[in-house]
Structures are given as structure tokens and as C-alpha cells.
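>>> Here is the input, now give the coordinates:
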Amino acid sequence: MRAERIKLYVMQSHMEIITDDGNLCGEGPFWDDRGQALYWTDITGHRFFRYDWRQQRREILSDNFQVAGFCPQQEGGFLVTNHHGIWLWEPGANPLLLAAQAQGQECVMNDCAADPMGRVYSGSWHLDERGHSAPSFLFRVDTDGSVHIADEGICFSNGLAFSPDESTLYFADTVARCIYAYDWRRSDGALGRRRVLTRIDRAEGVPDGLAVDAEGFVWCAHWFGGCLTRYDPDGKRERRIDLPAAQISSLCFGGPDLDEIYVTSAARSNSLMLAPEGYDPTRRLIGGALYRLCTGIRGLQKHRSHLSRAALEQVAAPTSSRPEEP
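Residues are numbered from 1 along each chain as shown. The predicted structure is shown next:
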């Protein structure tokens, strides 16, 4: 009965390709409710995109700076996380380095998300070619620009999302194959009581990007798994939606009514040591396109970062050179 219900959800979900730019590692979609546009990044291809919903037009805003995760700033520009640190950036201008390390730990960063107060959470990763992951951390960027370790014992940081009542932060650890839930404290952004929301079976890939809908259900993109899954707040899976590409990386809700789901994917095989047994990337479509799904479910608008003016003024002046990127 459960399998039949999940299959029915797949059949009722309308899917289309919005653009197929062959993103090597498409990631981090963010719906801009002010401009009625979608932003996303190609981490490996060092490209940053914008899709105008009204005009149905895609543009490349940058092709020379690595954006792994990003949050639009309240007053314009972006807070960016990448493999070399945390930055403030306006496409077309030189990025400003906010932090390359914090509390003695390197900021080799991945995805990020802002909280309702404008702070930003992002985690690090240190996965090697043998599949070993050195200890990594979840960091918090406060509105004064300071960076702090928010949690340790992380393997490979990935998607983050807040519950509708703003009491819980959800966090995906790819190597641990877990989606965690933290108690979140509004007053200072502290995290408490980490618990496992759900574990992902290896046969279904690994958890990557996350999103939360207006009903409080958690959505997860499955890298190698070629699907999205939806979990209730207790961690029980309510549905699975299959997509054509194997390497589904992230998702967000968008459109004027926040009832469209935008899904990124990746065209270059990555972290194959984590793949399901027998996985063969040469025998199916890996990814690279941006998809849009219509399921009839409304989502939540993601929060913007909000570094204070004093913090912005304290950031070092832009430099003509950046750390060499791979």
C-alpha cells in the first residue's frame, strides 16, 4: 500500500526542465521574493545564475568565483561560503574575505542558510579520495561578522533549513547519511539537543540539500539516489519523487505563491566511494539541469543574512587576488 501511494505522488507531480547548462555541480537554489527570481550556483564550474520568473530568462551573473553556499544580504549583495572561507560578495566586484578560519579550524565550507535574525550557519568538510572524513564543524556567523563553532562531530556538512515555528534547525550530514534536528535559540543562535530525524539507506544515495514546507515537512535531495523525499517532523517518510538525474543536489520552494519546487543537479560524478553498491554513472543520466516541480504543496521563504553596518565596515578592503581555487 505504501509503495503504491508513493508511486501515485510521483505520477501527480508535474516536472519540467527550466534550463540545462550542464552544471557540473548545481547547488543552493534560493528564491528571491523581492525580485521574483531564482538564484543558484555551479560550485565546480564557478558559475552563478539568476532566473527571472516573469521573463522566463536565465542569465549568468559570474563565471570566475566559486560559490558553494550563499545567502542574499538584507541590504544587497551576498554572504558566500566556499572552499576557502566565508565572504561578502557583489557579482561584478571583488569579494571581501570575512573569515578563512574560526577558533583554530579551517573554514572549508559547503552549503549555508540564514536564520530569522540574519545569522548564517554553514559547515565544513574534509572528505578525501579514500572516503575518509576528518573531523568537521558546523559554524555560525553572527550579525556582527564574528564566526563561531556551533557544533562539532560533523563528517560532511550539507543542507540546512528551519522549521516553520523557527524552533528547529535541520541539518544534513552526507557521510553520516543522517538528517539531524537541533533545538534553535533565537536570542543568541545557540544550538542544543541534536537528534537524528532520519537515516538514509545507502541504496537511496546520500542526503544533500534540504528544504522545509509550510506544513513543517522536511524535504531532502538524494545525491546518487535520483529523488526527493519528504519527511514529517517525526522523521517518517511521507513520499518520494523520482527525477531523471541520479545526482540530485538541492531544492527550494519558489514562484509567486511558493508552490513550485526548484531542483538542482550535477553533471560531474563526485564522491563515488559513497555511492550505492553497483552504482554505475555511465549507465544513466547523472545530471546538470535545473528542474521545476509542481506538487500543490506550499513552501517557506528562506531567510536573508543581515550583517550589521559596523560589521561590513570592519571587513578588510577588497584585494585584487584571491586564494587559488582548484
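>>> Following the helix or strand where Gly192 lies in sequence, what is the next regular element?
Applying DSSP states H and E as the criterion places Gly192 in strand 191-199. Sequence-wise, the next helix or strand downstream of strand 191-199 (DSSP H and E) is strand 206-212.
>>> mind showing which ranges of the stretch 101-250 of the chain have poor pLDDT?
131 (pLDDT under 70).
>>> on that earlier part again, show me what counts as buried in the strand holding Gly192.
For strand 191-199, burial by neighbour count (16 or more other CB atoms under 10 Å) applies to 191, 197-198. For glycine as for every other residue, the C-beta is placed from the backbone atoms N, C-alpha and C.
>>> so it versus strand 206-212, what angle?
Strand 191-199 runs at 120 degrees relative to strand 206-212, counting by axes from the mean of the first three to the mean of the last three CA atoms, to 10 degrees.
>>> ok, and what's touching strand 191-199?
If you take CB atoms under 8 Å, 6 or more residues apart in numbering as the criterion, strand 191-199 is touched by 138, 140, 150-151, 169-170, 177-185, 218, 231, 235, 237.
>>> Okay, and which of those residues map to strands?
138, 140, 150-151, 169-170, 178-184, 218, 231, 237 (DSSP state E).
>>> And those, which is closest to Phe162?
Using CB to CB, Leu169 comes nearest to Phe162 of the ones in strands among the contacts of strand 191-199, at 5.8 Å.
>>> contacting residues around that closest one?
Residues near Leu169 by CB under 8 Å, 6+ apart: 115, 121, 160-163, 181-182, 184, 191.
>>> which one of those sits closest to Ile18?
For the contacts of Leu169, the minimum distance to Ile18 (CB to CB) is 21.4 Å, reached by Ala161.
>>> since we're on that closest one, how many residues are nearby?
25 (other CB atoms under 10 Å).
>>> So the residue nearest to Ile18 when sequence neighbours are not counted: helix, strand or coil?
Spatial nearest neighbour of Ile18, excluding adjacent residues (CB to CB, 6 or more residues apart in numbering): Leu290 at 4.7 Å. Secondary structure for Leu290, judged by DSSP: H, G, I helix; E, B strand; the rest coil, is strand.
>>> how much space between Leu290 and Asp21?
Between Leu290 and Asp21 the distance is 8 Å, computed by CB to CB, to the nearest Å.
>>> And the two? Which one has more around it.
Legend: neighbour count by other CB under 10 Å for Leu290 and Asp21, higher for Leu290 (23 against 17).
>>> Now do the contacts for the more buried one.
17-21, 23, 26, 29, 40, 51, 262-265.
>>> Which parts of the protein are helices?
Along the chain, the segments classed as helices by DSSP state H run 2-12, 309-314.
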